[in-house]
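Enquirer: pasted the sequence and its predicted model underneath.
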Amino acid sequence: MHPILFNLGKITVFSYGFFVALAFIASILYLSHSLAKSKEKVILQDELYSLSLYIAIFGIIGSRILFVIINSQEFLLYPLNIFKLWRGGLVYYGGFMAAMIFSIIYTKKKTYRCFNWEIFLLRH
């Protein structure tokens, strides 16, 4: 796979980020469609979109935090580079862990039962 998918002037679209974003959007659309057809209302459509936005934000933050921890020597010398996301440096499993932790806290706070999600996904 080519690392750079295409360029739009000064904007470079990287293939990995593009396809991760595409998969994220496809999963939101799938869940939204499944919720609309479902008799069980596990979560409202608006809450699904809010949760998805929060998951994306916490996923990016978590993946950057783990990247900084793994490469701590570099960031000790240049601490402001922590905020330079355009230079790369995200770790997938850091984002996954942060998104899962946030999702569990969010669903418990909103009194959703996490296990309903599993039943809902398996039926559709």
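Expert: Noted; the coordinates are in hand.

Enquirer: looking at it, residue 64 is touching residue 85, isn't it?
Expert: Yes - Residue 64 is within contact range of residue 85, at 6.6 Å (criterion: CB atoms under 8 Å). From N, CA and C alone the C-beta is placed, and that goes for glycine too.

Enquirer: and the two? Which one has more around it.
Expert: For residue 64 versus residue 85, the count of surrounding residues by other CB atoms under 10 Å is larger for residue 64: 19 against 13.

Enquirer: and that one, what pLDDT?
Expert: Note for residue 64: predicted pLDDT of 94.

Enquirer: before we go further, it is sitting in a helix, right?
Expert: Yes - judged by DSSP: H, G, I helix; E, B strand; the rest coil, residue 64 forms part of a helix.

Enquirer: how about it: what's its closest non-neighbour residue?
Expert: Computed as CB to CB, 6 or more residues apart in numbering, the closest residue to residue 64 that is not its neighbour in sequence is residue 90, at 5.8 Å.

Enquirer: I figured the one you found was touching residue 67, is that so?
Expert: Yes - the pair residue 90 / residue 67 is scored as a contact, 5.8 Å apart, by CB under 8 Å.

Enquirer: still on that earlier bit, measure the residue nearest to residue 64 to residue 57 for me?
Expert: 13 Å (CB to CB, to the nearest Å).

Enquirer: more neighbours, these two?
Expert: The neighbour comparison of residue 90 against residue 57 (other CB under 10 Å) goes to residue 90, with 19 against 13.
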